[in-house]
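1. coords please:
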Amino acid sequence: MRVIQTIEPGYYYHIYNCGINGTNLFNGSDNYEYFMGLYEKYIYKVADTFAWVLMPNHFHALIRIKDVEDIVENINPERVQNPFGVCDAEKITKYVTQQFSNLFNSYAQAFNKRNKRHGSLFEKPFKRKRVDQANYFKNLVLYIHNNPVHHGFCQHPIEYPWSSYLSCISIKPTKLRREAVIGWFDGMANFKTMHNEKVEVIELEKWFEI
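-> The predicted model follows:
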């Protein structure tokens with residue numbers, strides 16, 4: 001029986017999920033854009049994002065749940081009152097999990113309405129794995145960015161528009177934790193070099209226990 005990890009403040013996680021029974025989650029660019037808009041609405045206030053990719057029937061993200069104080073401040077910037085009481089970690093954990101549920105439920109409702117379908121869209125519960133090894137960060141970024149290459153959608157991550165790779169190599173403002181990611185690769189040159197090399201996605205999947 002698979003043990004579902006609790007999402008706790010201050011930790012890194014690999015978040016991933018797919019469409020139920022392999023169904024597509026995204027049918028066009030407007031779907032991808034709408035999902036990312038909801039992601040910004042619900043997730044950015046509780047988590048920092050370091051890498052992501054949206055594929056037609058699944059997605060991956062590397063995130064870090066914000067510290068308790070930052071989550072509380074994002075909910076109540078004026079700090080007039082802590083909505084969770086004094087360091088109520090259990091309530092905060094439930095709130096973070098609820099934000100992910102809000103993301104998936106909101107997207108599924110809109111997707112179902114537009115496509116005249118009913119029922120669940122995402123596998124439940126969504127999958128999460130705590131990241132606690134130094135090598136995991138860099139390899140997971142490579143895995144996420146090379147997912148479109150592995151599935152035959154492009155020859156190089158730069159050709160795929162629905163991942164964080166383009167934000168990583170850009171100089172445009174972004175909410176992605178770009179500097180931290182580039183730092184894991186010891187600089188932009190090495191980041192690009194390692195993304196130019198062939199990545200054995202299947203071997204990484206075994207390592208990540210996907």
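
2. all strands for the protein, in order.
-> 12-18, 47-55, 58-65, 127-131 (DSSP state E).

3. Same list, those, but as CSV with mean neighbour count and distance to residue 33 please.
-> For the C-beta atoms, the positions are set from N, CA and C on the backbone; glycine is no exception. Output for the strands of the chain, formatted as CSV (neighbours: other CB atoms under 10 Å; distance: least, CB to CB, whole Å):
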stretch, mean neighbour count, distance to residue 33
strand 12-18, 20, 19
strand 47-55, 22, 10
strand 58-65, 22, 14
strand 127-131, 17, 24
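
4. closest one to residue 5 among these?
-> strand 127-131 (5.4 Å; CB to CB).

5. just the angle between that closest one and strand 58-65, please?
-> 40 degrees (axes from the mean of the first three to the mean of the last three CA atoms, to 10 degrees).

6. helices and strands around strand 127-131, which ones?
-> strand 12-18 (3 or more CB pairs under 8 Å, 6 or more residues apart in numbering; DSSP states H and E).

7. Of the strands of the chain, which is nearest residue 109?
-> strand 12-18 (16.3 Å).

8. For that closest one, name the packing helices and strands.
-> strand 58-65, strand 127-131.

9. Spell out for me which residue occupies the centre of the protein.
-> residue 61 (2.4 Å; CA atoms, centre = their mean).

10. and it, how far is that from residue 198?
-> 23 Å (CB to CB, to the nearest Å).

11. Same list (the strands of the chain) but as JSON lines, adding distance to residue 121.
-> As requested, the strands of the chain are exported to JSON lines (distance: least, CB to CB, whole Å):
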{"stretch": "strand 12-18", "distance to residue 121": "10"}
{"stretch": "strand 47-55", "distance to residue 121": "14"}
{"stretch": "strand 58-65", "distance to residue 121": "12"}
{"stretch": "strand 127-131", "distance to residue 121": "15"}
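
12. Least confident of these, on average?
-> Lowest mean pLDDT within the strands of the chain: strand 127-131, at a mean of 92.

13. pull the CA atoms of that one into CSV?
-> Backbone C-alpha positions of strand 127-131 (Å, rounded to 0.1, in the frame of the first residue of the first chain) are rendered in CSV as follows:
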residue,chain,number,x,y,z
LYS,A,127,1.6,12.2,-6.0
ARG,A,128,4.3,13.9,-4.0
LYS,A,129,7.8,12.9,-2.8
ARG,A,130,10.0,14.8,-0.5
VAL,A,131,13.3,15.8,-1.9
